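Asks: 3D, please:
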Amino acid sequence: MKTPIGVTEMITPDLKLDIKVDAKHESKHDTKQDILQHLLKRGEVTAQDLAERLDISPQAIRKHLKDLETEGLIYHTAEQVGMGRPQFVYALTVAGRDRFPDSYNQFAVNFLDTLIDTLGKEQVAEVLHKQWQRKSQHYKSQLGIGSLRQRLEKLAEIRRAEGYVTEWFPVDGTDKENQSFIFTEYNCAIAHVAESFPSVCGHELEMFATVLDCPVERTHWMVDGEHRCGYLIQNN
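Replies: The predicted structure follows:
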């Protein structure tokens, strides 16, 4: 899986997501990865939700969940529902999120801090802005012409190829000729950078608007503690 292209392409080494799989237990590890990705997308889920979503018996799901919790990749909390027994709700730990390319890395933050000390904050901000402009041109050249739906579908394919866990869907109740869409990403290659330099998220928002040539509004933001970044893509 390729490292997502962005700020990190010029300030991090060539790192790759490398989850090793034992060939004798490939299906087991694939199921675990499916569980981790589902938790990444949904934030919190119950064992029953996972069993239904992945079409696996509740007993098998609980075994995988126990293994993942032992590995320190997930944790659970107990929630009381009605008068019955509490149900366990599962979510990713920091180590679990780090299985996805969302932490490249403290190196990037330290590097930017050094640049600011050397060049000054305004010049570094200009460099970052130019980097996102360059990325916009790169994306736009790949999207070509077509409807907003076609270009959005292509953009999602490109982002997935770069390592992002990306989904998109039309907004219910909007006119088909002027359809609006929700574009969601559940991991971020520049998460640590954004915590210290949230302006890069503004550049990314600007990039999406430029690439798709339409208004784009942020609906969810990992920097605010949410488990995803979401965007409302509005057809002109």
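Asks: going forward, measure contacts and count neighbours with C-alpha atoms only.
Replies: OK.
Asks: ranking helices and strands of this protein by mean pLDDT, which lands last?
Replies: Using mean pLDDT, DSSP states H and E, helix 191-196 stands out as the lowest-scoring helix or strand of the chain, at a mean of 73.
Asks: which other helices and strands contact it?
Replies: helix 106-119, helix 199-212 (3 or more C-alpha pairs under 8 Å, 6 or more residues apart in numbering; DSSP states H and E).
Asks: what comes up buried for that helix?
Replies: Ala191, His192, Val193, Ala194 (16 or more other C-alpha atoms under 10 Å).
Asks: and the residues you listed, which is closest to Asp117?
Replies: Val193 (16.1 Å; C-alpha to C-alpha).
Asks: show me what contacts the residue nearest to the closest one when sequence neighbours are not counted?
Replies: Nearest non-adjacent residue to Val193, counting by C-alpha to C-alpha, 6 or more residues apart in numbering: Val109, 5.3 Å away. Counting by C-alpha atoms under 8 Å, 6 or more residues apart in numbering, Val109 touches His192, Val193, Ser196.
Asks: measure Val109 to Ala191 for me?
Replies: Going from Val109 to Ala191 by C-alpha to C-alpha, to the nearest Å gives 10 Å.
Asks: tell me the most buried of the helices and strands packed on helix 191-196?
Replies: Of all the helices and strands packed on helix 191-196, helix 199-212 has the most neighbours on average by mean count of other C-alpha atoms under 10 Å, namely a mean of 19.
Asks: what about the most centrally placed residue in the chain, which SS state?
Replies: Nearest to the mean C-alpha position of the chain, counting by C-alpha atoms, centre = their mean, stands Asn187 at 2.0 Å. Judged by DSSP: H, G, I helix; E, B strand; the rest coil, the three-state class of Asn187 is coil.
Asks: just checking, it touches Phe100?
Replies: Yes - the pair Asn187 and Phe100 qualifies as a contact (C-alpha atoms under 8 Å) at a distance of 6.9 Å.
Asks: just the helices in the protein please.
Replies: 26-42, 47-54, 58-70, 94-97, 106-119, 121-143, 148-161, 191-196, 199-212 (DSSP state H).
Asks: now those helices as JSON lines including distance to Ser180?
Replies: Shown next, in JSON lines, are the helices of the chain (distance: least, C-alpha to C-alpha, whole Å):
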{"stretch": "helix 26-42", "distance to Ser180": "21"}
{"stretch": "helix 47-54", "distance to Ser180": "27"}
{"stretch": "helix 58-70", "distance to Ser180": "36"}
{"stretch": "helix 94-97", "distance to Ser180": "30"}
{"stretch": "helix 106-119", "distance to Ser180": "35"}
{"stretch": "helix 121-143", "distance to Ser180": "18"}
{"stretch": "helix 148-161", "distance to Ser180": "9"}
{"stretch": "helix 191-196", "distance to Ser180": "27"}
{"stretch": "helix 199-212", "distance to Ser180": "12"}
